[in-house]
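Colleague: return a 3D structure for these sequence lines:
(chains A and B)
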Amino acid sequence: MSLLNTLARLQAVRAGRAQPLATVRHRHLAGRPLVLVPLTTAGEAGAPLGALVGTDPAEPRLLVVPQPRDRDLRWAFLADLADVVLPYVDGYADDVEYVERSETDPETGRKSKVEAELCRDAPQLIVPSRAGVEYVRLLGRSMRFRRTAEEDPENPYPAPARVPLLGRWFTHFGERSRVPGSSLLLSATDLLSRHWASGQSNLEDQHLGALLAWIAPPGGASGAEAALRAELGRDGDGQLLVPPAGPATDPAFDNRVLAPAMARYDAARTAEPPDGPALARAEEHVRALVEAQMRPAWDAVWRSVELLRELPAGERAEERWTRDRWSYTGHRDRVRAGEPPQPRRDDAVTAAQKLATRETEQVRLDAQEALDDPLVMAGRRLAGEAFAGEVTEVVMEWTETKRPSPRPLVTVATEDRPQLAEDGGTKVFRSLDGRPQSARFVRFDEDGRLVLRLLDKMGRGRDPEPGSVPEKGDRVCWTLFEHDARGGPKLPDPERTPWTHGGPPGHLTSPTAPAPDAVTDEDLL
Amino acid sequence: MTAFDPGAAAARATAAILHDTLHGTERGVVVDSPPGAGKSTLVVRAARELAAAGRRLMVVAQTNAQVDDLVLRLAEKDPGLKVGRLHSSDGDAYDPALRELPSVTLSAKPGDLAELPVTISTAAKWAYVKDAEPWEHAIVDEAYQMRSDALLAVAGLFERALFVGDPGQLDPFSVVGAEQWAGLSYDPSASAVSTLLAHNPQLPQHRLPVSWRLPATAAPLVSRAFYPYTQFRSGTGPGERRLSYGVASDGSGPDRVLDEAAEAGWGLLELPARHTPRTDPEAVRAVAAVVRRALDRGAVTTDEHARRPAPLTADRIAVGTAHRDQAAAVRSALAGLGVTGVTVDTANRLQGREYDLTVVLHPLSGRADATAFHLETGRLCVLASRHRHACVVVARAGIADLLDDHPSTEPVQLGVTVKFPDGWEANYSVLAHLAEHRVSWRP
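Modeller: Model prediction:
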């Protein structure tokens, strides 16, 4: 945690209210996000208890599994979930634009421009907390290897149609959420804690109710008190006033409320003779209980979205969203092409590629957030990774070549203390109309001012283009970090995995070896 | 029992390594080298012998500084050997001193160097070499600091390889989470050697048994604390290295700790317990004062090569810290005292370097918590194993209590080999030893 964030937390404690960590919104928010509040059954991994899902804050779709240990009911629930989520996800698939991208011909290795489809917009899923993101991934893994009756008529327990497809999409959303700065699948707690510092620990920030209480305490109460009430407050029956945002439920609710209601439901199901109205009543009772547990989290997620919408969008967040759109378009194409579901484990090359992408995106995100937001930049300046100041002198100099190019010396007076080596040579960058201009640090003046030599973005002529060189009195902000991240080198194809990494995976070299994880009989986790 | 002959033990190990490399049947050979055990010497020797055997050789190092250092050493040992230095197209990608060497060809294009017997570059640059005729042999230097994914990108370039590195130094790291792949044999964030051995467990593994850098006062502690199952010895015996001062102690904390370090090889300058920001101004000033006094008191060193005392100059002193901002703070404190020429850097950047005297700002000094970063075994190992004569550690009191309050709580990942010793254990053994050489000081 940076010093500035620590300070903000301390100030939040003193003020009794969360303090801003950003002046702009650093994540894209879709116009019509799909909010999903899942609950899971205690003691049974991957057994959903219920969900609220939808795009309209006023009208969530309620899905409940009255007996989560009943696999048929579980698959019915997942089929219902697919009926809500898939139309939403597919809704963005056909509205495309055509963009040029360069592709390398595998035969000749030559690069050429090809026109590719890019979806104009992409779906966005928002869950209450990071545990909810994990749960989406878990559900994806349990669903994507199943086969429907259509795909495998012999299967005695076929999965309902569209469930495997939902599994593949959930898996894609889950994997994408691991890319820094991506916005296909977000959690409300991460969104809020990126933009506000509460007066509690990071761990406590995972409680959406408590975090919101710090940011927007109800009725003028102190954030600390409201958070404590949200976290621990219980009513006369020992039930939490603010139920947890899931997917885990509160044990007191499980033991004292849910278990008896489920027992009544089980009894009604097995009653002889069958009692239809009693069964319906028992089911309705479970549904009402589970809805009451989820509804506060549902409202809290939408409240979070509302709060974030009040912040102006960060300039470069849109560019990152474009990469999310590419990611969505790419997966849409893989599904349409009939490719098998994502394998259970990445092979060596895929794992390395994913790690490289995420590292590149992390570097890019760190740079872009600082460039978009003076408050974030202040943190980098405090850490000595950037400096801002006033230009006190500009001396024109040129390269000693046949066609001299401008290399002006710019002196900057700053109170920041950038980590520059005394003997010069460090490259620094500033944003010039959104493009990075680089300079080389030359020396410290005797009065502590910095002398920089501009290196580029001044045009081709002998005299620099107007506006490309700062003038005396200009305020400038230079960073020691680059403004964009370079992707890594191309890795070998999986079928050329070297001996150091176990050689190529079996199914790629031997025609008889089975493809890994094409299908599983059970919803194994 | 005959006396341990370090020279003979090291020579036996080297001979076995070269035999397996030149005549072995396996595609790879792994060599573990403790700090200062002659790893670079081994790499240079292996490179020359492979080249002499007519094997087209590529050498993979991790940083440009390491590459340049290897090129210089090779040219010094064998001025006739043609060496290619593949560099990136950035302006200052290599040491300008290389331009003076007639046997060295510099190029940013692998094609220009393809015919040379030896080509040296960084792993990052090698990864961009495509469609080249595979090299018969490779030497991968600092293989424990290379990440598995970096090896994946270059392994297709060579047929066979010698992997050399120090398992006790800092593990490679990733700026993003990679838990997703923990336990997979090819976890891209793991070290190149762990992936290599997971897939090729039959490869011969060797170990260099003697540290030529560490003095007799340091080798037992470093060996016990960081290499508990692969112990090594120092090349020099007790008393063969000496540090002394021309000016007597003035009784201040820095002077007393310098005397202790000259006597025992270790010194702990303990400041009063306090929770501080990372750039603890008092501790930083204390570090600078120790360096300043070492220079002011006319320190001289005696070692096994030169029996005549040599003055300890600023370029033979290093200050090690955990964080970059701490290094920056020490640098400006030193500049304030008028000291120039002393290396001040983080553990990551001091890896592979060697000095006569090191002054270390303890990673846990003044902290309220002990995170995995600050407990990392390799970080402390690097900081405690850079010196030929003595090491002074500056720390706030209370680290022992801090360790007691923060037992290791990292989640256990299935399929991941548990590393011994863990950082907690290593920190404790070092601290227990330092406590015997403690000088308490209230600035």
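Colleague: please make it C-alpha for all contacts and neighbour counts, starting now.
Modeller: OK.
Colleague: what stretches of chain A score poorly on pLDDT?
Modeller: For chain A, the stretches flagged by pLDDT under 70 are A:1, A:105-109, A:509-525.
Colleague: rerun that using 50 as the cut-off
Modeller: A:523-525 (pLDDT under 50).
Colleague: please enumerate the helices of it.
Modeller: All helices of chain A, identified by DSSP state H, fall at A:3-15, A:71-90, A:130-143, A:163-176, A:188-195, A:208-215, A:223-232, A:251-253, A:259-269, A:276-309, A:317-336, A:348-372, A:374-382, A:506-509.
Colleague: ok, and the closest non-adjacent residue to the residue in the stretch 301-443 of chain B positioned nearest to chain A?
Modeller: Residue of the stretch 301-443 of chain B nearest chain A, by Cα to the nearest Cα: B:Ala328 (6.5 Å). Once flanking residues are discounted, B:Ala328 sits nearest to A:Gln419: 6.5 Å by Cα to Cα, 6 or more residues apart in numbering or on different chains.
Colleague: which bits of chain B sit near chain A?
Modeller: Chain B comes close to chain A at residues B:127-128, B:149, B:151-153, B:155-156, B:174-176, B:178, B:181, B:185-189, B:195-196, B:199-200, B:325, B:328, as judged by Cα under 8 Å from any Cα of the partner chain.
Colleague: about what we covered before: got phi/psi on the residue of the stretch 301-443 of chain B closest to chain A?
Modeller: phi -60, psi -40 (degrees, to the nearest 10).
Colleague: rewinding a little: B:Asp315: which of the helices of chain A is closest?
Modeller: helix A:374-382 (30.0 Å; Cα to Cα).
Colleague: mind listing what's buried along the worst-scoring helix or strand of chain B on mean pLDDT?
Modeller: In chain B, no helix or strand scores lower on mean pLDDT, DSSP states H and E than helix B:372-375, which sits at a mean of 85. Neighbour counts over helix B:372-375 (16 or more other Cα atoms under 10 Å in any protein chain shown) mark B:374-375 as buried.
Colleague: repeat for stretch B:173-192
Modeller: B:176, B:178, B:181-182, B:184-192.
Colleague: and that stretch, how far from the chain's centre?
Modeller: Relative to the chain's own centre, stretch B:173-192 is displaced by 22 Å; criterion: Cα atoms, centre = their mean, to the nearest Å.
Colleague: and for stretch A:232-242?
Modeller: Once both centres are worked out by Cα atoms, centre = their mean, stretch A:232-242 turns out to sit 32 Å from its chain's centre.
Colleague: who touches that stretch?
Modeller: A:209, A:229-231, A:250, A:252-253, A:296 (Cα atoms under 8 Å, 6 or more residues apart in numbering or on different chains).
Colleague: now list the buried members of those residues.
Modeller: A:209, A:229-231, A:250, A:253, A:296.
Colleague: check the gap between the residue of the stretch 301-443 of chain B closest to chain A and B:Leu334 for me.
Modeller: 10 Å (Cα to Cα, to the nearest Å).
Colleague: what does B:Glu354 give?
Modeller: 20 Å.
Colleague: which of those two has more neighbours?
Modeller: Taking other Cα atoms under 10 Å in any protein chain shown, B:Glu354 and B:Leu334 do not tie; B:Leu334 has more neighbours (22 against 19).
Colleague: the more buried one: what's it in contact with?
Modeller: With contact set as Cα under 8 Å, 6+ apart, B:Leu334 has these partners: B:288, B:292, B:340.
Colleague: cool, A:Val96 as well?
Modeller: Listed by Cα under 8 Å, 6+ apart, the contact set of A:Val96 reads A:117-120.
Colleague: change it to 10 Å
Modeller: A:116-121, A:329 (Cα atoms under 10 Å, 6 or more residues apart in numbering or on different chains).
Colleague: likewise for A:Ala15?
Modeller: By Cα under 10 Å, 6+ apart, A:Ala15 lies in contact with A:9, A:199, A:222-224.
Colleague: for chain B, what's the nearest residue on the stretch 1-150 of chain A?
Modeller: Relative to chain B, the nearest point of the stretch 1-150 of chain A is A:Leu3 (8.8 Å; Cα to the nearest Cα).
Colleague: gap between the residue nearest to A:Leu208 when sequence neighbours are not counted and B:Asp303?
Modeller: The shortest distance from A:Leu208 to any non-neighbouring residue, by Cα to Cα, 6+ apart, is to A:Thr189 (5.6 Å). When distance is defined by Cα to Cα, A:Thr189 is 60 Å away from B:Asp303.
Colleague: using the three-state scheme, assign B:Val30.
Modeller: Under DSSP: H, G, I helix; E, B strand; the rest coil, B:Val30 falls in the strand class.
Colleague: state the number of residues packed around it.
Modeller: By other Cα under 10 Å, 23 other residues sit near B:Val30.
Colleague: and it, bridged to which residues?
Modeller: Under DSSP bridges, the beta-bridge partners of B:Val30 are B:Phe163, B:Gln205.
Colleague: now it: how far from B:Ser385?
Modeller: From B:Val30 over to B:Ser385 (counting by Cα to Cα), the distance is 22 Å.
Colleague: touching, B:Ala264 and B:Thr217? I think so.
Modeller: Yes: with contact defined as Cα atoms under 10 Å, B:Ala264 reaches B:Thr217; the gap is 6.6 Å.
Colleague: those two: which is more packed in?
Modeller: B:Thr217 (22 against 19).
Colleague: sorry, back to before: distance to B:Leu86 added to the helices of chain A, as JSON lines?
Modeller: Below are those laid out as JSON lines (distance: least, Cα to Cα, whole Å):
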{"stretch": "helix A:3-15", "distance to B:Leu86": "41"}
{"stretch": "helix A:71-90", "distance to B:Leu86": "49"}
{"stretch": "helix A:130-143", "distance to B:Leu86": "44"}
{"stretch": "helix A:163-176", "distance to B:Leu86": "36"}
{"stretch": "helix A:188-195", "distance to B:Leu86": "43"}
{"stretch": "helix A:208-215", "distance to B:Leu86": "53"}
{"stretch": "helix A:223-232", "distance to B:Leu86": "59"}
{"stretch": "helix A:251-253", "distance to B:Leu86": "63"}
{"stretch": "helix A:259-269", "distance to B:Leu86": "69"}
{"stretch": "helix A:276-309", "distance to B:Leu86": "50"}
{"stretch": "helix A:317-336", "distance to B:Leu86": "34"}
{"stretch": "helix A:348-372", "distance to B:Leu86": "23"}
{"stretch": "helix A:374-382", "distance to B:Leu86": "34"}
{"stretch": "helix A:506-509", "distance to B:Leu86": "34"}
